[in-house]
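**Student:** okay, here's the prediction I keep looking at, along with the sequence it came from:
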Amino acid sequence: MAIPKLTNDQISAGMAQLAGWAVIDGKLHKAFKFKDFVEAFGFMTKVAIAAEKMDHHPELYNVYNNVKIDLVTHDAGGISALDLELAQKIDGL
Ligand SMILES: C[C@H](O)[C@H](O)[C@H]1CNC2=NC(N)=NC(=O)C2=N1
């Protein structure tokens, strides 16, 4: 196993360092709203570049100026430290 799935306590501790993220259906989830589609897509592009650098990829959902992100580690079968790390990076964009 490359990276372990975190326990609920570990996820809660990690989420205390984040704002606006929730665990929904076993994934770290956050919704973002932008001025328009160009702003939303620009943000998603930055997320994609950060994700590719980490070799850890988000689930991205976009409708016009709304972006929803889900983070989960397929290799771990749940939320791992990589999801918390990517969430931190996304919030720093
Ligand atoms: C081979 C490659 O490194 C793996 O498949 C990586 C790629 N990106 C990934 N992204 C996510 N979200 N979960 C993974 O388990 C994962 N695994």
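**Tutor:** Nice, I can see it.
**Student:** could you say which helix or strand holds G14?
**Tutor:** Assigned by DSSP states H and E, G14 belongs to helix 8-15.
**Student:** for Q88, same thing?
**Tutor:** helix 81-91.
**Student:** circling back: helices or strands up against the next helix or strand after the helix holding G14?
**Tutor:** Next along the chain after helix 8-15, taking DSSP H and E as the criterion, comes strand 22-24. Judged by 3 or more CB pairs under 8 Å, 6 or more residues apart in numbering; DSSP states H and E, strand 22-24 is in contact with strand 27-33. (Each C-beta comes from the backbone N, C-alpha and C, glycine too.)
**Student:** longest single helix anywhere in the protein?
**Tutor:** Secondary structure of the chain read by DSSP state H shows that its longest helix is helix 37-54.
**Student:** coming back round to it: in the helix holding Q88, which residues are buried?
**Tutor:** Going by neighbour count (16 or more other CB atoms under 10 Å), the buried part of helix 81-91 is A81, L82, D83, L84, L86, A87, K89, I90.
**Student:** near the ligand, which residues of this protein?
**Tutor:** By CB under 6 Å from any ligand atom, the residues of the chain that approach the ligand are D55, H56, H57, V72, T73, H74, D75.
**Student:** drop anything exposed from those.
**Tutor:** Buried residues within these, counting neighbours by 16+ other CB under 10 Å: H56, V72, T73.
**Student:** turn the residues you listed into CSV, including secondary structure.
**Tutor:** Listed next are those as CSV, based on DSSP: H, G, I helix; E, B strand; the rest coil:
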residue, secondary structure
H56, coil
V72, coil
T73, strand
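**Student:** how about JSON lines for those residues, with pLDDT and distance to V47 added?
**Tutor:** Output for those, formatted as JSON lines (pLDDT from 0 to 100; distance: CB to CB, whole Å):
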{"residue": "H56", "pLDDT": "98", "distance to V47": "11"}
{"residue": "V72", "pLDDT": "98", "distance to V47": "15"}
{"residue": "T73", "pLDDT": "98", "distance to V47": "16"}
